[in-house]
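Novice: With the sequence up front, the predicted model follows.
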Amino acid sequence: MGEPPPTSAGEALDRRGVVARLSAAGVPSPEADARWLLEAFADDPAALVVAVRRRESREPLQLILGTAAFRYLELRVEPGVFIPRPETEVLVDLALDRLPAHGVVLEPCTGTGAIACAIASEGAPSRVVATDADAAAVDLARRNAAPWPVVEVHHANLLAGVDPALLGAVDVLVCNPPYLDPAQLAAAEPEVRDHDPVAALVGGETGWEVIADLVAAAPHWLRPGGWVLIEDDPSRVDQTVQALDHHVGPAHVEADLTGRPRFAVARHVERGPDAGRMAR
């Protein structure tokens, strides 16, 4: 959510009460969440009571507020659509660093459209093609992306149905796919386990099935020298790097905000006698 809004000294007693309730409920960030709720519902005490109860039940703060901060954007969020996370902001940085002026971006599993919108607002792409298999996510992403005409959002599973003219022409393929396995989902915080859609979290029985499909498809869409960037669970990201190195080109791991290995990054090379010339 970024930095919580400031509160005045006159709100301190109310804030302490809300903090105490959220702390007792096991909310991970009770101080910050209390400040957000007090600011959002300052003019409606009855609505504040309802909002605090919702947060006590471990409903995500973003759903209560109706928005999520992502980099420099405030995005709409709605029940049933994956809520963007702060660690994914690093993925956007990695993509922007590799995106040429007027480049083409392909982003499957877009959810709210957070990555596509951030790249369009901060970079200079000529086209950002985002997809999602869930119709509700597509509708929400289209609304979030409305300010950026270069962004188009399609209802499709991964890369199925993407404009075939983009085969071999994509500069950056970037994705935060489902990458948990069922056991990891069961152990997740209630905000994740009970509110994010399972299809946006679980990548299959091993957690890696969706990523395997992405890795196999990536070289067909990337231009020579293009990049693929995939967010993954730290326990499996090395597996993704190895697969990218085999299928796409030289690959390596980048860390998230906490220093954990999180992002698999590879540069596409055409396999052949001169492939070794392409350094990452």
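Specialist: All right, it came through fine.
Novice: which residues does Glu74 form a beta bridge with?
Specialist: Ala69 (DSSP bridges).
Novice: Surely it is in contact with Gln62?
Specialist: No - counting by Cβ atoms under 8 Å, Glu74 sits too far from Gln62 to count as a contact (10.3 Å). Every residue, glycine included, has its C-beta placed from N, CA and C.
Novice: so what sits against both of those two?
Specialist: Ala68 (Cβ atoms under 8 Å, 6 or more residues apart in numbering).
Novice: Tell me which of these two has more neighbours.
Specialist: Gln62 (22 against 14; other Cβ atoms under 10 Å).
Novice: Roughly how far does the nearest residue to that one once chain neighbours are set aside sit from Arg85?
Specialist: Leaving aside its chain neighbours, Gln62 sits nearest to Ala68 (4.2 Å; criterion: Cβ to Cβ, 6 or more residues apart in numbering). Distance from Ala68 to Arg85, counting by Cβ to Cβ, to the nearest Å: 9 Å.
Novice: If you count surrounding residues, which of the two has more?
Specialist: Per other Cβ under 10 Å, whichever of Ala68 and Arg85 has more neighbours is Ala68, with 23 against 17.
Novice: contacts for the worst-scoring helix or strand of the chain on mean pLDDT?
Specialist: None of the helices or strands of the chain scores lower by mean pLDDT, DSSP states H and E than helix 12-24, at a mean of 82. Here helix 12-24 makes contact (Cβ under 8 Å, 6+ apart) with 7, 30-31, 33-35, 37-38, 52, 55-56.
Novice: what's the most distant pair in those residues?
Specialist: Greatest spacing in the contacts of helix 12-24, by Cβ to Cβ: Thr7 and Glu56 (19.4 Å).
Novice: thinking again about what came up before, check which element follows the least confident helix or strand of the chain along the chain.
Specialist: helix 30-40 (DSSP states H and E).
Novice: and the angle for that next one with helix 12-24?
Specialist: Using axes from the mean of the first three to the mean of the last three Cα atoms, to 10 degrees, the inter-axis angle of helix 30-40 relative to helix 12-24 is 130 degrees.
Novice: elements contacting helix 30-40?
Specialist: Applying 3 or more Cβ pairs under 8 Å, 6 or more residues apart in numbering; DSSP states H and E, we find helix 30-40 packed against helix 12-24, helix 45-56, helix 61-65.
Novice: Can you check what angle separates that helix from helix 45-56?
Specialist: 150 degrees.
Novice: roughly how far is helix 30-40 from the heart of the chain?
Specialist: 23 Å (Cα atoms, centre = their mean, to the nearest Å).
Novice: Give me the buried stretch members for that helix, please.
Specialist: Residues 30, 32-38, 40 are the ones in helix 30-40 that count as buried (16 or more other Cβ atoms under 10 Å).
Novice: would you turn these into JSON lines with distance to Ala156 and pLDDT?
Specialist: JSON lines is the format used below for the buried residues of helix 30-40 (distance: Cβ to Cβ, whole Å; pLDDT from 0 to 100):
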{"residue": "Pro30", "distance to Ala156": "40", "pLDDT": "95"}
{"residue": "Ala32", "distance to Ala156": "37", "pLDDT": "95"}
{"residue": "Asp33", "distance to Ala156": "36", "pLDDT": "95"}
{"residue": "Ala34", "distance to Ala156": "41", "pLDDT": "95"}
{"residue": "Arg35", "distance to Ala156": "40", "pLDDT": "93"}
{"residue": "Trp36", "distance to Ala156": "35", "pLDDT": "94"}
{"residue": "Leu37", "distance to Ala156": "37", "pLDDT": "94"}
{"residue": "Leu38", "distance to Ala156": "41", "pLDDT": "93"}
{"residue": "Ala40", "distance to Ala156": "35", "pLDDT": "93"}
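Novice: Show me which of those is closest to Gln184.
Specialist: Asp33 (24.3 Å).
Novice: OK, contacts around that closest one?
Specialist: 4, 22, 27, 55, 61.
Novice: Just the buried residues of stretch 49-66, please?
Specialist: 51-52, 55, 58-65.
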